[in-house]
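In: fold the stuff below for me.
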Amino acid sequence: MADRRIVRHRAPAGAGHASALARRPHVVVVGGGIAGLAAATGLAERGVAVEVLEREPWLGGRVASWTERLPCGTPVSMSRGFHAFFRQYYNLRALLRRTDPGLDRLIEIADYPLQDAHGRIDTFRELPRTPPWNALAFALRSPTFRVRDLIRLNARAAAPLAAVSVPGTYELLDHVDAETFLRRINFPPAARHLAFDVFSRSFFAPPDRLSAAELATMFHLYFLGSAEGLIFDAPEDDFQSSLWGPLADYLTGLGATVRTNNRVLGLERTAQGYVVHHDEGGSEVDAVVLATDVGGLRDIVNASPDLDDLRWRAEVDALRTAPPFLVWRCWFDRPVATHRPAFLATGGLDPLDNISVLERYERGAARWTREHGGSVVELHAYAASADADVDELCARLLRRLHETYPETVGANLIGDSVQWRADCPLFGVGAFSSRPRVRTPFPGLVLAGDGIRIDLPVALMERAASTGLHAANCLLAGWRLAGHELHSVPTKGRSAVLRALAGVGKGGVP
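Out: The predicted structure is shown next:
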């Protein structure tokens, strides 16, 4: 927490442990991803009886890992791709500190270069961290941005980028797509494709389908609103070993029960709370946290006629998933050049969005590389066409890899694994006002996840962790138990002049 202007969101006051109550509350948390694990941790630490039900064989949700085997029989780790643990992910990092107080199982990724189709590279290395000097320095040293471009910017149109507040920015910009917004700013096309498009596609959506408000909030979180810089870490080994295995052990040590391979089929309201129907039977509980992906949430709500608030059901039904994405992990018999970064983002190299070299940061991949003399390389294609041919997409990715890292041209593929998924939330134009919140119309039922609305400047994994802890707080407050303090980057732009120019208001936790 290097930013002196970090915002503390006070927790509800109350007793420190459920032993102070006449009866210990019992909660089922549906979903063992970041949001569900955050909620379960927040509840179990206050002595609530917690049962985590996860439909997959592993924990972590979209940040899970598991074991596969190469054609030669060698066991290797697989996941849904590289994830950046930014320093301003305060609530996620606080969750991880439960089992790793010094965050020693995370390692710093020293740089985050961006490369375009012409080979031009932008870098975040050694930028000043204090806004707005970080943005100014980045622009002035960028090969795709010139001083004359700075002069041509439409300052009034660009003001919301430096004056974000939640929900004010959404009220101002959610009806506009990110592509249109950037054109209004008169942002130079080359710089726009390299900088903003990379961020947009990290939300698994092309700029013409992403809300401009989401783009502005993202820019605030990662750049102009935070003095943490664009420095991030990655787990030193696979997600299960580094993150979720230790956290599961921590939860069971608090008395929680964690069940994988257990799908929830629906909810039934009772006078005391809920019956949660799942593959292993039914659990009678006082409260429920639904911390699933969009499809899982819709399925559970549709199978639960007792959740009979029509407006709320319409909000859940209106949630959409982003276009599909592909992660292709390749085990090559030759190493990439030693100067290649751990993570390279690309712009204008369709369909390639980034390249990860896993042995630069992941212990298991480094061990495989030492034993076989090759490299473990991961290629991402975000926001792909729903009817794309996966084999053809992989072939195009391989051609882009050869263009970008020519030393891979003669490398042979020892083994590979493809993940083709379409289950990330879409933050589309005009969707913010109808996005379901953490609180629901039903006592004892709360939502969590990165697709759930919380009026804080958070995104992706940090939104999942924040909504999970906020969901726990909502339930704890109902039992007069103490909650957990949340943190965020500043909830409004740092410049009063730009805030006035942009015309945005204040925000806070709902």
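In: and the residue nearest to residue 306 when sequence neighbours are not counted, how far from residue 284?
Out: Of all residues beyond its chain neighbours, the one nearest residue 306 is residue 269 (4.1 Å), with distances taken as C-beta to C-beta, 6 or more residues apart in numbering. Glycine gets a C-beta too; all of them are placed from N, C-alpha and C. Per C-beta to C-beta, to the nearest Å, residue 269 is found 11 Å from residue 284.
In: looking at the two, which one has more neighbours?
Out: Applying other C-beta atoms under 10 Å to residue 269 and residue 284 shows that residue 269 carries more neighbours, namely 18 against 13.
In: that one and residue 305: what is the separation?
Out: For residue 269, the distance to residue 305 - C-beta to C-beta - is 10 Å.
In: for residue 290, same thing?
Out: Distance from residue 290 to residue 305, by C-beta to C-beta: 16 Å.
In: neighbour count for those two, which is higher?
Out: Applying other C-beta under 10 Å to residue 290 and residue 305 shows that residue 290 carries more neighbours, namely 30 against 12.
In: now residue 83. Nearest residue, chain neighbours left out?
Out: residue 63 (5.4 Å).
In: burial count for that neighbour?
Out: Residue 63, neighbours per other C-beta under 10 Å, totals 22.
In: please tell me how far residue 118 sits from residue 401.
Out: 17 Å.
In: right, I mislabeled it, should have said residue 381
Out: Applying C-beta to C-beta, the value for residue 381 to residue 401 is 11 Å.
In: identify the bridge partners of residue 115.
Out: Here residue 115 sits in beta bridges with residue 121, residue 346, as judged by DSSP bridges.
In: for the stretch 301-450 of the chain, just list every one of the strands.
Out: Secondary structure of the stretch 301-450 of the chain (DSSP state E, counting those that start in this stretch): strands at 325-332, 343-347, 354-357, 375-381, 413-421, 445-447.
In: just checking: what are the partner strands of the longest one?
Out: Sheet pairing here is set by DSSP bridges, and for strand 413-421 it gives strand 325-332 (antiparallel).
In: could I get the CA-only coordinates of the partner strand as PDB?
Out: Output in PDB follows, covering the C-alpha atoms of strand 325-332 (Å, rounded to 0.1, in the frame of the first residue of the first chain):
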ATOM      1  CA  PHE A 325     -11.300 -16.300 -25.400                       C
ATOM      2  CA  LEU A 326      -8.600 -18.800 -26.100                       C
ATOM      3  CA  VAL A 327      -5.600 -19.700 -24.000                       C
ATOM      4  CA  TRP A 328      -3.100 -22.000 -25.700                       C
ATOM      5  CA  ARG A 329      -0.200 -23.300 -23.500                       C
ATOM      6  CA  CYS A 330       2.700 -24.800 -25.500                       C
ATOM      7  CA  TRP A 331       5.600 -26.900 -24.300                       C
ATOM      8  CA  PHE A 332       8.400 -26.300 -26.900                       C
END
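In: please begin residue numbering at 732 from this point
Out: I'll keep to 732 as the first residue from here, and by that count the last item is strand 1056-1063.
In: pLDDT (mean, whole number) over that strand?
Out: Averaging pLDDT along strand 1056-1063 yields 98.
In: same question for stretch 955-965.
Out: Mean predicted confidence for stretch 955-965 is 85.
In: end-to-end on stretch 820-840?
Out: 15 Å (C-alpha to C-alpha, to the nearest Å).
In: scratch that, stretch 798-814
Out: Per C-alpha to C-alpha, stretch 798-814 runs 18 Å from first to last residue.
In: return the distance of it from the chain's centre.
Out: Mean-position distance between stretch 798-814 and its chain equals 22 Å (C-alpha atoms, centre = their mean, to the nearest Å).
In: buried ones in it, by neighbour count?
Out: 807, 808, 809, 810, 811, 812, 813, 814 (16 or more other C-beta atoms under 10 Å).
In: pull the most distant pair out of these.
Out: 807 and 814 (17.9 Å; C-beta to C-beta).
In: ok, back up a step: what is in contact with residue 1112 and residue 1132 at once?
Out: Common neighbours of residue 1112 and residue 1132 (criterion: C-beta atoms under 8 Å, 6 or more residues apart in numbering): residue 1083.
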